[in-house]
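A.B. asks: Sequence and predicted model, in that order:
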Amino acid sequence: MEERQHVSNEALFMGLVINLHATAMIALGKITSPLTQKIERNLEQARFTIDMLGMLEAKTAGNRTEEESRTLRTILTELRLNYIDELEKDELAEKNKETVAGAGTSGSGDTDGAAERPAGTDKAETEKTAGPRNAEGTAGAEGTADKAGSNDEKMNRRKAD
């Protein structure tokens with residue numbers, strides 16, 4: 001009976017993590033809402049859901065199977081990278097709006113997209129890190145723990161604002 005309960009708890013835990021993952025992806029605007037059949041982006045809700053998964057990771061440390069730990073770590077990395085991607089899109093849109101409002105149509109002759117990149121980044125870096133990450137984790141969710149760690153700082157800065 002105890003083994004059966006253990007298997008059930010593993011399935012319930014994985015179900016919870018996957019459910020929260022889907023909720024966060026919907027809030028990030030990466031997948032269609034099953035209720036409205038529309039893309040609905042809500043970064044505050046996404047941040048809350050990502051934080052909840054982070055809390056689950058911390059509170060269940062030492063009590064997860066290797067598969068549960070790997071899945072949770074991969075999902076958190078993917079969501080954090082997508083969250084930062086969405087924040088950067090907002091910042092870029094705001095910068096572009098300010099540029100257009102302030103400069104009008106001066107025709108800067110920018111041919112490599114420099115005006116579309118965050119300040120302090122070069123073309124190669126932007127191409128390497130640009131693009132949304134999807135639910136399957138393509139575009140580099142694997143092996144991005146270093147970047148995800150620095151992105152935690154960005155997420156926390158944004159939270160404080």
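C.D. replies: Sure, I can see it.

A.B. asks: residue ranges for the helices of the chain, please.
C.D. replies: 2-27, 43-59, 66-103, 123-129, 145-160 (DSSP state H).

A.B. asks: and those helices as CSV, adding mean neighbour count?
C.D. replies: In this view, the C-beta of every residue, glycine as well, is placed from N, C-alpha and C. Output for the helices of the chain, formatted as CSV (neighbours: other CB atoms under 10 Å):
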stretch, mean neighbour count
helix 2-27, 14
helix 43-59, 16
helix 66-103, 16
helix 123-129, 13
helix 145-160, 12
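
A.B. asks: hey, least reliable of the ones you listed by pLDDT?
C.D. replies: Among the helices of the chain, helix 123-129 carries the lowest mean pLDDT, at a mean of 44.

A.B. asks: still on that earlier bit, arrange the helices of the chain in JSON lines, one row each, with distance to residue 33 as further columns.
C.D. replies: JSON lines is the format used below for the helices of the chain (distance: least, CB to CB, whole Å):
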{"stretch": "helix 2-27", "distance to residue 33": "5"}
{"stretch": "helix 43-59", "distance to residue 33": "11"}
{"stretch": "helix 66-103", "distance to residue 33": "16"}
{"stretch": "helix 123-129", "distance to residue 33": "27"}
{"stretch": "helix 145-160", "distance to residue 33": "23"}
